[in-house]
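**Q** Model the following, please.
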Amino acid sequence: MLETQARVSPVVAIAAVAVIVFSAVGVGVMTGVIPSSFSKASEQMATAQPQKAASAPRKTTTEPTRVAAADASKPGARVCANCGTVASINVVKKEGEGSGLGAVAGGVAGGVLGNQVGQGRGRTAATVVGAGAGAYAGHQVEKHMKTTERYNVAVRMEDGTNRTFSYEKEPAFRAGDKVKVVDGALVVN
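**A** Numbering: from 1, shown residues only. Got it, this is the predicted structure:
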């Protein structure tokens, strides 16, 4: 009897390794471990937009904090109750939570790719390692995809109060800009 050994073609093995490497790089870019050029492009596009009005705030905190206003103490000085200056813009990130679906999908994909490498016990080991690595990567990708950012804008009003406005998208103004509250939203003054 002739005994034949099943061999993996070198092309298939190289392709499997290339897919694993490119997947790892993709996960690194999506999780922020590896910096990408897209993050710089979005910052440049945000600063190039005209600074007319920001998107409508989702939630406005109107708990004023009274502070002595310097301009209000002068006789005859007019204070605009809806005008102020942006004191700061704080980004609040909320890490997403994985539901397990990303881990399952990543584990299956990693197991299939790992099964394409080696033979005998080496193939079994590669399958197990591929499934574990794929599950971890899938979980991390799912968490990254569900991460949200909010922008809390602190405004020092001319009447001496401090107000905070919360936005889902990056507002068009920066710290130091003069703003006005119109219909519950901030616009550049």
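**Q** quick one: contacts of the longest strand along the chain?
**A** Longest strand in the chain by number of residues (criterion: DSSP state E): strand 83-94. Contacts to strand 83-94, defined as Cβ atoms under 8 Å, 6 or more residues apart in numbering, come from residues 147-158, 162-163, 171, 173-181, 186, 189. (Glycine included, C-beta is placed from N, CA and C.)
**Q** Now do the next helix or strand after that strand: distance to the chain's middle.
**A** Downstream of strand 83-94, the next assigned helix or strand under DSSP states H and E is helix 101-114. Distance, stretch centre to chain centre, for helix 101-114: 24 Å (Cα atoms, centre = their mean, to the nearest Å).
**Q** partners of the longest strand of the chain in the sheet?
**A** Its sheet considered, strand 83-94 pairs with strand 148-157 (antiparallel), strand 178-182 (antiparallel) by DSSP bridges.
**Q** need the ones you listed in a markdown table with mean pLDDT and mean neighbour count, can you?
**A** What follows is the strands paired with strand 83-94, written out as a markdown table (pLDDT from 0 to 100; neighbours: other Cβ atoms under 10 Å):
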| stretch | mean pLDDT | mean neighbour count |
| --- | --- | --- |
| strand 148-157 | 90 | 17 |
| strand 178-182 | 90 | 17 |
